[in-house]
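Participant: Curious how this folds, go ahead:
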Amino acid sequence: MTFTKEQLIAAAHGRIDFANMMLSDNPEPLKERTWSIELELARIALSALRERAEPVAWTDEQELRDVNELGCGYLFTVNPITPHADPRRVIKLYAEPPAPPAPPAPVVPEGLRIALSNAGIAAPESDEMLWASQQDYIQMLVTWVKDRKPFKPASVLPVDVLAALRNVAKIRLDFNDFDGDRRGMADCLGEAEEALIEVVNRRAAMIAAPGKEG
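Facilitator: Just a heads-up that it's a prediction; the model follows:
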C-alpha cells in the first residue's frame, strides 16, 4: 500500500491533534510521557514531509527581475526541467504548504447544560469552557444523583443510573489501560457519557415533577 505526500501530511496533522487531545485530559505521568513522545514524533514527521516538497516550476534571476520591474515573467516546467536549461540558473519554486486544519469546535454533549441546570449546578457561559471541564461537571452530576433521595424511599441508586455509571466506568478503565489507537474507544466513551447525562436529565425531570416515575 502506498500513500501520497498529501495523505501523509493529513495523517501527521491527525496524530498531532489526537496527541494534544490526550494530553489535555491530564493523563498519569507514564501516559503523559507516551503521548508527549507521540506528539513530538508526529511534529518531526510533518516537518520532514514539508521539507521534502517537490518543486512545481522553475525560473531564473532574469525572470524574477522582470517580475519586479515589469510585473510579469516566465515560469518553466519541472517535470522534467526544461531541456538544455543551465542548472546554475535554475531557481526552483515550491507551492506553499497547506495550512493545518482548523481545530474542531468544542462539542458539548447534548443535554449537559439542561442536566446541570436541573441539578442547580452553575455551568460556564461558553461552550469552550464547559467542553474543557466537562469531565468535572459530569462527576458533579454523578455525585448529585447519588446524593438525591426523592428517587426512591430507600437510598438506593436507580437501576438505570447505576447501569449508566457502570458503563462509563468500564469504558473509562479500558480506555486508560489501552496503549494503542484509542480514537474508537474515545467515541464509545463519549457516547456512554452522553447516555449518562440523558439518564440524569430524565431523573432530574422526575424530581421536578413528582409522581412521574418511569
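Participant: For the lengthiest helix in the chain, what does the pLDDT average out to?
Facilitator: The helix spanning the most residues in the chain, taking DSSP state H as the definition, is helix 183-208. The predicted model gives helix 183-208 an average pLDDT of 76.
Participant: ok, now stretch 135-147?
Facilitator: For stretch 135-147, the mean confidence score works out to 75.
Participant: Go through it and flag the buried ones.
Facilitator: The neighbour-count criterion (16 or more other Cβ atoms under 10 Å) identifies 137, 138, 140, 141, 142, 144, 145 as the buried residues of stretch 135-147. For glycine as for every other residue, the C-beta is placed from the backbone atoms N, C-alpha and C.
Participant: how about CSV for those, with secondary structure and distance to residue 125 added?
Facilitator: Putting these into CSV (DSSP: H, G, I helix; E, B strand; the rest coil; distance: Cβ to Cβ, whole Å) gives the following:
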residue, secondary structure, distance to residue 125
137, helix, 13
138, helix, 18
140, helix, 17
141, helix, 18
142, helix, 23
144, helix, 21
145, helix, 24
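Participant: right, and the pair among those with maximum separation?
Facilitator: 137 and 145 (12.8 Å; Cβ to Cβ).
Participant: For the host helix or strand of residue 173, what does the pLDDT average out to?
Facilitator: Residue 173 is located in helix 159-177, with elements delineated by DSSP states H and E. Confidence over helix 159-177, taken as the mean pLDDT, stands at 74.
Participant: Please apply the same query to stretch 32-46.
Facilitator: Along stretch 32-46, the predicted confidence averages to a pLDDT of 86.
Participant: for stretch 113-125, same thing?
Facilitator: Stretch 113-125 comes out with an average pLDDT of 76.
Participant: Break the chain into its domains for me.
Facilitator: The chain breaks down into these domains under automatic domain parsing: 1-53, 54-96, 112-208.
Participant: out of the ones you listed, deepest packed?
Facilitator: Mean neighbour count (mean count of other Cβ atoms under 10 Å) peaks for domain 112-208 among the domains of the chain, with a mean of 15.
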